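J.: Sequence and computational prediction follow.
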Amino acid sequence: MTDPTAPEAPPEGHDATTEGDRDAALGQAPVRALYGDEGSAPRAIRSADLTYNDYLKVEELLSLQVPQSDPPHHDEMLFIIIHQAYELWFKLILHELERAIAFMNDVRPLRARHFVNRVVEIMRLLVQQIHIVETMQPIDFLYFRDHLMPASGFQSVQFREFEFAAGLKDPRYCTFFDNRPDLRARLEARLAADDLRTAWSRMMRAAGLDVPLAADDPAQRDRPEVHDAAVAGILPIFERPDDHMPLYLLNESLIALDEYLALWREHHVRVVARVIGWRPGTGGSSGVDYLKSTASKRAFPELWAVRTSLQRDERSGGLSAGGTGGGCPMGY
Ligand code: HEM
């Protein structure tokens, strides 16, 4: 197990200097705008030419909204931009999950939690954001929907990567990318890569909890006996949170992530029902009924089940479940 007293070095691939430079560059444009002339600009400004528009590639970004309808339907702009905004956030989510997985592999629950919490905040936004499309009149959507066929949310490689990175790995979804071998290869790489759920069960064991090895294996972990053993293994964290506070806090962030992903599915399916009713999807699914069937997916079923297994410890009188504060395997 990793030495819990060691300084919290970033996992491999993290280059603090580069990040610092990038932050400085980001701060540059507004500062230049405020001060105007070179002489009064603070030291952080290094490149004389870099501007807000150059750095963020704003012109390129604003040239990427190309309607299919001709003449362009007014609402198609909304439809394109909302999907593009989601794709940008999905990109960041994947970036953050990779970091969280690396810290979990280093048995650093609080550092991992920092990045999981960021994803939870993004998800909170994404759950709200879906409702913007409800400002479209259903009849207006019908006027340009046919132009989108057969494009579909099924082909969002990043959404599927997000599911896979969380641990919801269903290889059948790879077939939606048969006509794009590059994207299929990318998704298959994510299928083979480490995921949050596997990193989690490994970390629980590394922290001394009795979570079975089979819980690390996507092919075995949903077997009832493996699931039950994993739930029993993590029970002490929830019975005595004070004794396992870093693990407890991480687990609460992970269940929040699972909750917000499920909430996104719920909100999306309601929005879909409101806009297109029970029409089939452009990707060929039954539409609302298919989407409803996905709403029960959970990346961390053990974290949901453990609530049911909890029993009160009457001797503790309910005060922090009688935690001693002395048994935490990671004292930071
Ligand atoms: C008018 C708005 C929308 C409608 C009518 C709609 C409709 C649908 C339908 C019917 C499906 C099922 C797959 C199919 O047969 O095509 C689907 C899947 C999906 N949609 Fe949407 N959608 C809308 C907005 C959005 C937005 C804004 C996003 C943001 C990224 C999104 C992301 C997805 C994703 C990721 C899937 C795959 C879900 C899964 O397989 O679990 N959709 N959508």
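T.: Cool, the structure landed.
J.: so what's residue 309 up against?
T.: 231, 232, 235 (CB atoms under 8 Å, 6 or more residues apart in numbering). (Each C-beta comes from the backbone N, C-alpha and C, glycine too.)
J.: ok, and which of those residues reach the ligand?
T.: With CB under 6 Å from any ligand atom as the criterion, the contacts of residue 309 include none near the ligand.
J.: Show me these that map onto helices.
T.: Cross-referencing those with the helices (criterion: DSSP state H) gives 231, 232, 235 as the overlap.
J.: Looking at these, which one is closest to the ligand?
T.: If you rank these by distance to the ligand using CB to the nearest ligand atom, residue 231 comes first, at 25.9 Å.
J.: just to revisit the earlier point, for the ones in helices among the contacts of residue 309, which single residue is the most surrounded?
T.: Counting neighbours by other CB atoms under 10 Å, residue 231 comes out on top of the ones in helices among the contacts of residue 309 with 21 neighbours.
J.: wait, isn't it in contact with residue 306?
T.: Yes - in terms of CB atoms under 8 Å, residue 231 counts as a neighbour of residue 306; the distance is 5.3 Å.
J.: Okay, the nearest residue to residue 167 once chain neighbours are set aside and the ligand: tell me how far apart.
T.: Excluding its sequence neighbours, the residue lying closest to residue 167 (CB to CB, 6 or more residues apart in numbering) is residue 197, at 2.6 Å. Counting by CB to the nearest ligand atom, to the nearest Å, the gap from residue 197 to the ligand is 17 Å.
J.: any idea which element residue 197 lies in?
T.: Secondary structure assigned from DSSP states H and E places residue 197 in helix 196-206.
J.: Residue 87 touches residue 155, doesn't it?
T.: No - under the criterion of CB under 8 Å, residue 87 lies out of contact with residue 155, with a separation of 11.3 Å.
J.: Who has more neighbours out of the two?
T.: Legend: neighbour count by other CB under 10 Å for residue 87 and residue 155, higher for residue 155 (16 against 13).
J.: Could you double-check that that one sits in contact with residue 178?
T.: No - with contact defined as CB under 8 Å, residue 155 does not count as touching residue 178 (10.8 Å).
J.: Report the contact partners of residue 314.
T.: Contacts for residue 314 were tallied using CB under 8 Å, 6+ apart; there are none.
J.: Please tell me how far it sits from residue 165.
T.: 42 Å (CB to CB, to the nearest Å).
J.: got it, and residue 159?
T.: Using CB to CB, residue 159 is found at 11 Å from residue 165.
J.: higher neighbour count, these two?
T.: Just comparing residue 159 and residue 165: by other CB under 10 Å the higher neighbour count belongs to residue 165, 26 against 17.
J.: pLDDT value on that one, please?
T.: Listed pLDDT for residue 165 reads 98.
J.: what about the residue nearest to it when sequence neighbours are not counted, helix or strand, and which?
T.: Counting by CB to CB, 6+ apart, residue 97 is the residue found nearest to residue 165 once chain neighbours are left out, at 4.7 Å. Residue 97 belongs to helix 76-105 when assigned by DSSP H and E.
J.: The following helix or strand past that helix: which residues count as buried?
T.: Toward the C-terminus, helix 76-105 is succeeded by helix 109-129 as the next helix or strand (DSSP H and E). Across helix 109-129, burial judged by 16 or more other CB atoms under 10 Å covers 109-120, 122-123, 126-127.
J.: packing partners for the helix or strand just after helix 109-129?
T.: Next in sequence after helix 109-129, counting helices and strands by DSSP H and E, comes helix 138-145. When contacts are defined as 3 or more CB pairs under 8 Å, 6 or more residues apart in numbering; DSSP states H and E, helix 138-145 packs onto helix 76-105, helix 245-276.
J.: Closest approach to the ligand from the stretch 51-200 of the chain, which residue is it?
T.: For the stretch 51-200 of the chain, CB to the nearest ligand atom, closest residue to the ligand: residue 153, 2.2 Å.
J.: Looks like that residue contacts residue 283 (just checking).
T.: Yes - the pair residue 153 and residue 283 qualifies as a contact (CB under 8 Å) at a distance of 6.8 Å.
J.: Name the helix or strand for the closest residue to residue 91 other than its chain neighbours, please.
T.: Counting by CB to CB, 6+ apart, residue 91 lies nearest to residue 158, which is 6.3 Å off, once chain neighbours are set aside. Using DSSP H and E, residue 158 sits within helix 157-166.
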